[in-house]
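# sequence and predicted model, in that order:
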Amino acid sequence: MNREQVIKENTEQRKIQIENLLCAKGLEGISPKDAVKMAFPKAFEDLSPSAKRGYLNTEQFFNAYNFNIQGEFEYHHLAWRSLFVPTEIMYAMDLLPFTSEMVASQLAMSGMARERIETAEAHNFSGDICSFMKAVAGGVIENIFPTPDILITSTHLCDPSAKYAELASHHYNRPEFVLDIPYGLYDMSIRGSEKDLKRVEEGVEYVCRQLHEMIDFITEHTGLRLENEKLRQVIRWTNKARAWLEEGNDVTLHERTAAKKGVRELDYAANLMQTWGTERIVDVYKSRCIDYKASVEPKSKGTQPRIVWFHLRPYFKTPLMNYLDEKIDLCGSQINFAYWEPLDLADPIRAISRRTVLHPAFSSITARTAIAIDEIPDDTDGIIAYYPKSCRHFHGGSIMENETFKKAGIPILTIDGDCVDDRGEDFPIVKTRVDRFMKSILKNPRSAKK
Amino acid sequence: MKKIGWFCAYTPVELIHAAGFLPVGVKSDSGAEHEDVVLGDSICSYVRSCMGGALTGAYDSLSGVVIAHSCECMRRLADGWGYRQEEIKPRMLHLIDVPKVVTDSSIAFFAGGIKHMKETLEEQVGPITEDALKNAIETYATTRMHFAKIDTLRKKEAPAVTGKEVAALIEKSFEIPRESFNSLLENFIQDKEGETGDESAPRIMLIGGPGNSSLIPTIETVGGLCVVEHMCTGLRLFAGERVPHEDPCHELAALYLKKAPCPRMLHDKAREAIEEIQAMVKDYRVDGVVYYSMKFCANMQMQYALLKNDIPLDVPVKVLEGDISSEVNAREVQSFIKRLKKRRKKNR
Ligand code: SF4
Ligand code: SF4
C-alpha cells in the first residue's frame, strides 16, 4: 500500500473508530464533533496546572482520531507507542504518539476498562497478563482505537507491551519499529569498572544507531522528515520542562504545600508522559511549580505523614485515593522523578539514547532501592508502593524491596492491587492495611529512629 | 571439573566450555519442591523454582551461574540471586543481556556482551584462548548436526524415535561433558536408523517454554507421539547453523540470535517464529499441536493469542496453561489425542 492509500484507509477507519468509541462510552447519538467540543469547556490558559495536563492529553487523544479541538478534520500521522519510547524525535517530525498504556489508564478512569478486559479474555488473552495490555487488546478487538500509520515500541521496561505491539501491528497491518534497549546498563554505570563502563558506551551507541534507523523508518513510511533545527527546539522545550518539573519536585519533597493533591500529583506521571517535547508541557510544569511555591505552608501546620509513592495508582473509581488524600501528604513519587540530566543540544540523538539506556527503573532492585534511599529526605515518613499483581517487573521485586527499605529504616507498605482492572478491588481490606501502616508510622516515627 | 550453571537457551554455553568449566543446564524443575521466599508470586514457576533451589542448596555443586536476560522473570532471578548471595554457594553470577531483535547492529552488540561475559569468566580462570573458543564452537556444532539427523528420523512416517527418548537425551545434555554427549547421540542415531515405530499414533508438535516434565510422558502414554518440541528444552537448544566468522564471539552472537526463536523475540524474528511453526506443521506432518503456556510468561501467552486469533494453524491446537511441575490433566490430553486419532485415520 502506498502512503496516499494508507492515509485514505486510516481516515476512513478512524471515522468508524471514533463512533465505536463513543458508543462503548455510552454516548451513541452524539456526533464526534460535539463530543470533542464538550471535552474542552475552558481555554488552556484558564486552567489549573493539573487540568492543563489533562487538556493536553485529551487534545492529543482526539487528534489521534483526526479531530482538532474545534472538532474539525485534521489528519494526523499517528505512531502507536509503548510507554518508554522517547517522544522528542516524534514531535520534531510532526508525528503524534498514541501510547498504549496511557490509553488503558484513560479507559479505566472513564469506567471502560473492565469490559475491554473481558473482551480480551474471551479472545484467548490469559487471565494473568498485565491488565494494561488486556484493556488495550480488548479495545483493539472492539475497534475503538485509531488505526496508526506506524508502530514504534521499545523493549523497556516490561515484556507485555512490546509483545502486544507485535499483535497490534499484525492486526492493523501497519509496520512496526522496535527499539531494542539493553537491560542492566544503569547497574553497570553504578558499578563503574572499566569493562562495565565500556559496555555502557556500547549500549549508548547501539541505541543511538537505532534511533537514526527509527528516523529513516518514519520517513520511509510517512514521508515526514527530521529538521535539525526543529529537533533542537523540541529539546529546548524538554530541557525547560524538565527544569520546572525538578524545581516543583523539590518543593513537594521538602515543603508542605496546600496546592498539591495526591491523586493529581500522581497523574502528572511526568516521566511516563508522551508530552515531552511539546511547548505546552513547559507551561504545565511551570505553573505546577509556581502554584506549589505560592502555597507553601509552615511545616508545623500539617500533621499527615509524608509519604513517597511508588509506581502508579488505581485508575478506576475507588474510594482509596480520596481516603489517602485525607490521610497522607504525598510528597514525592517515582513517576515524577526527573532521573536524567538536561539533554545536550549539540548532540541530541545521542543524549536521548543515553537518557533511554540509563533509565533507572530498568535496573536491578538493588539499584532502584539505592536511588530511593538516597533521594528520600529524612523527614519523609514512609513509602506506599502500589503494584499490580500481574506486573513481573515491579511486583516481582517487592519482597526484596520491602526488606531493603525496612533495613534502611524506611517504613513501606506494598499494596498488591491493579491499576486498570477493578474486578479484584477490595477497599475495606486495603483500608485496614493502610490504617495499620499509618498507626505504626505514628507510633514509631522515622525521626525518632535517627 | 568445575561447573557453571545456565538457565536459558540463549546462553552461549560454548564460552563456558571454552573456559574449562562444565556447563550445567539448570533443569526446569530442579528446585521445584523448594519454596521461593524472595520473588513474588507474579513470577513464572521456572524462575521461582530456580530461586528456591539456589536457597536450599540444590545447586551447591556449581561454581557459579550465567543468567541470560531473556525476559522480565529472569531479570528478577538475577536480582534475587544477588540479593541473597550470602546464603547461596555458587559465587559467580553473571547476567548477560540478549537483544530481542536480529539486525547487523544487534548481532554486533550481542557479540560485545559475549566478550563482556568472557572477561567475567577470565577473572575466574585466566585467559580463554581463541582456539579454545573455536574448538568449543566446533564441538557444539557436532551436537547440532546430530540433532539435525535425529530430526530427519522424526520427520519420517512411523518414526522409531519417541518424544520421551529425545527428552531423556536433552536431560543428559544438561549434565555430561559435551564430547561424551556427542558419542551418545552418535550411538542413538545408529540404533534408530532403519527402525520404524507406531504408524497410527497422531503426530504431535509441542510448543512452549521450559515445559513440564510430565507433559511428554502424558501425551505418549495416551497414544500420541511427539515429533517435534518447539521449546527451550527442545529444538531451540540445538537449532541453528554455524556461519564461520573470524571473530568467534561474533559467530556465537549470530548463531544464537538467528536460531529458532523463543516467543521473547520481537519484530521480524517473531514473525519468522510463526512462519517457522506453520512450516514445521507441514514438515513434520503434524496432526495436532499442544501449546503449553507457562503461567506468568507474558511472551508465551501473547504468542498463543496471536496464533489463536489472527494466524490460525492448519491443525487442531490444544492449549494447556500450567507451570513446570503442576499435574498435567491426562484426561484432557487423552480426549485431544483421541480426536486426532480419528482425524488421522480418516485422512489416511
Ligand atoms: S504494570 Fe508492569 S507489566 Fe504492566 S505495563 Fe506496567 S511495568 Fe509493564
Ligand atoms: S517461562 Fe517465560 S517468563 Fe519464565 S523464564 Fe521462560 S521465558 Fe521467562
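Good, I have the coordinates. In this text the structure is predicted, and so the values were computed from the model without any measurement. Ligands and ions are numbered 1, 2, ... in the order given.

# do the longest helix along chain A and chain B meet?
Ranked by number of residues, the top helix in chain A under DSSP state H is helix A:194-222. Yes: contact of helix A:194-222 with chain B (Cβ under 8 Å from any Cβ of the partner chain) involves A:195, A:199, A:202-203, A:206, A:209-210. C-beta coordinates here come from the backbone N, C-alpha and C atoms, glycine included.

# which positions in that helix come out as buried?
With burial defined by 16 or more other Cβ atoms under 10 Å in any protein chain shown, the residues of helix A:194-222 counted as buried are A:196, A:199-200, A:202-211, A:214-215, A:217-218, A:221-222.

# try stretch A:396-414
So, applying 16+ other Cβ under 10 Å, buried residues of stretch A:396-414: A:396-402, A:404-405, A:410-414.

# tell me the one of those nearest residue B:225?
Relative to residue B:225, the closest of the buried residues of stretch A:396-414 is residue A:396; by Cβ to Cβ it sits at 37.6 Å.

# residues near the nearest residue to that closest one once chain neighbours are set aside, how many?
Excluding its sequence neighbours, the residue lying closest to residue A:396 (Cβ to Cβ, 6 or more residues apart in numbering or on different chains) is residue B:76, at 4.3 Å. Residues within reach of residue B:76, counting by other Cβ atoms under 10 Å in any protein chain shown, total 28.

# residue B:76 contacts residue A:397, doesn't it?
Yes: using Cβ atoms under 8 Å, residue B:76 is in contact with residue A:397, at 5.8 Å.

# which one is the spatially most central residue of chain B nearest to, not counting chain neighbours?
Nearest residue to the geometric centre of chain B (Cα atoms, centre = their mean): residue B:232, 1.9 Å. Sequence neighbours aside, residue B:9 is the residue nearest to residue B:232 in space, at 4.6 Å (criterion: Cβ to Cβ, 6+ apart).

# from chain A, how far off is the one you found?
In this view, residue B:9 and chain A are 17 Å apart by Cβ to the nearest Cβ, to the nearest Å.

# would that residue count as being in a helix?
No: under DSSP: H, G, I helix; E, B strand; the rest coil, residue B:9 sits outside any helix and is assigned coil.

# doesn't residue B:235 make contact with it?
No: contact criterion Cβ under 8 Å: residue B:9 and residue B:235 do not qualify, at 9.4 Å.

# tell me the average confidence for stretch B:251-266?
Averaging the model's pLDDT scores along stretch B:251-266 yields 96.

# ok, and does it reach over to chain A?
Yes: applying Cβ under 8 Å from any Cβ, one finds stretch B:251-266 touching chain A at B:263-264, B:266.

# among these, which are in strands?
Judged by DSSP state E, strands contain none of the residues of stretch B:251-266 next to chain A.

# now the residues you listed: which count as buried?
By neighbour count, with 16+ other Cβ under 10 Å, the residues of stretch B:251-266 next to chain A hold B:263-264, B:266 as buried.

# contacts for stretch A:36-47, please.
A:30, A:51-52, A:55-56, A:58-59, A:62, A:67, A:69-71, A:280, A:283 (Cβ atoms under 8 Å, 6 or more residues apart in numbering or on different chains).

# now do it: distance from first to last residue.
Stretch A:36-47 has an end-to-end distance of 17 Å (Cα to Cα, to the nearest Å).

# buried residues of that stretch, list them for me.
So for stretch A:36-47, counting by 16+ other Cβ under 10 Å, buried means A:36, A:39-40, A:47.

# residues of the stretch 151-300 of chain B that sit close to chain A?
Near chain A, when you scan the stretch 151-300 of chain B using Cβ under 8 Å from any Cβ, you find B:263-264, B:266-267, B:270, B:293, B:295-296, B:298-299.

# let's see it at 10 Å
Proximity of the stretch 151-300 of chain B to chain A, by Cβ under 10 Å from any Cβ of the partner chain, involves residues B:263-271, B:274, B:293-300.

# please list all residues in contact with the spatially most central residue of chain A.
In chain A, the centroid-proximal residue (Cα atoms, centre = their mean) is residue A:272; its distance is 2.8 Å. Contacts for residue A:272 (Cβ atoms under 10 Å, 6 or more residues apart in numbering or on different chains) come out as A:83-84, A:99, A:101-102, A:105, A:312, A:334-336, A:361.

# and for residue B:76 and residue A:397, which residues touch both?
Taking Cβ under 10 Å, 6+ apart as the contact rule, the neighbours common to residue B:76 and residue A:397 are A:364-365, B:38-40, B:42-43, B:83.

# which intervals of the stretch 351-450 of chain A have sub-threshold pLDDT?
A:448-450 (pLDDT under 70).

# just the strands in the stretch 251-400 of chain A please.
For the stretch 251-400 of chain A, applying DSSP state E, counting those that start in this stretch gives strands covering A:256-257, A:296-297, A:306-310, A:329-333, A:382-388.

# partners of the first one, with directions?
What it means is strand A:256-257. strand A:296-297 (antiparallel) (DSSP bridges).

# chain center to the strand it pairs with, what's the gap?
28 Å (Cα atoms, centre = their mean, to the nearest Å).

# and if you look at stretch B:191-203?
The chain centre lies 24 Å from the centre of stretch B:191-203; the measure is Cα atoms, centre = their mean.

# what are the buried residues along that stretch?
Within stretch B:191-203, the residues scored as buried using 16+ other Cβ under 10 Å are B:192, B:197, B:201-203.

# low pLDDT regions in chain A?
A:448-450.

# if I pick the spatially closest residue to residue A:109 that is not a sequence neighbour, what's in contact with it?
Setting aside the residues directly before and after it, residue A:109 is nearest to residue A:315 in space (Cβ to Cβ, 6+ apart), at 5.0 Å. Residue A:315 is in contact with A:104-110, A:113, A:132, A:135, A:266-267, A:321, A:418-422, counting by Cβ under 10 Å, 6+ apart.

# got a quick PyMOL command for the buried subset of the residues you listed?
Of these, the buried ones go into a single PyMOL selection, burial set by 16+ other Cβ under 10 Å:
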select buried, chain A and resi 104+105+106+107+108+109+113+132+135+266+267+321+418+419+420+421+422
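
# enumerate the residues of the stretch 101-250 of chain B near ligand 2.
B:209-210 (Cβ under 6 Å from any ligand atom).

# so where do the helices sit in the stretch 101-250 of chain B?
B:104-125, B:130-155, B:163-173, B:178-192, B:215-221, B:235-238, B:248-258 (DSSP state H, counting those that start in this stretch).

# how many neighbours does the closest residue to residue B:177 other than its chain neighbours have?
Spatially, and ignoring its direct neighbours in sequence, residue B:177 is nearest to residue B:22 (6.1 Å; Cβ to Cβ, 6+ apart). Neighbourhood size, residue B:22 [other Cβ under 10 Å]: 19.

# what do you get for residue A:302?
Residue A:302 is flanked by 14 other residues according to other Cβ under 10 Å.

# may I have the phi/psi pair for it?
phi -90, psi 150 (degrees, to the nearest 10).

# just grab the bridge partners of the residue nearest to it when sequence neighbours are not counted for me.
In this structure, residue A:302 finds its nearest non-sequential neighbour in residue A:256, 4.3 Å apart by Cβ to Cβ, 6+ apart. With DSSP bridges as the criterion, residue A:256 is bridged to residue A:297.

# I'd say residue A:256 and residue A:330 touch.
No: using Cβ atoms under 10 Å, residue A:256 is not in contact with residue A:330, being 11.1 Å away.

# how many neighbours does the residue in the stretch 301-450 of chain A positioned nearest to ligand 1 have?
Ligand 1 sits closest to residue A:391 of the stretch 301-450 of chain A, with a gap of 3.1 Å, by Cβ to the nearest ligand atom. The burial count assigned to residue A:391 is 25, neighbours taken as other Cβ under 10 Å.

# tally of neighbours for the closest residue to ligand 2 within the stretch 301-450 of chain A?
At 7.3 Å from ligand 2, residue A:392 is the closest residue in the stretch 301-450 of chain A, using Cβ to the nearest ligand atom. Around residue A:392 there are 28 other residues, counting by other Cβ under 10 Å.

# just give the closest residue to it, not the sequence neighbours.
Excluding its sequence neighbours, the residue lying closest to residue A:392 (Cβ to Cβ, 6+ apart) is residue B:72, at 4.3 Å.
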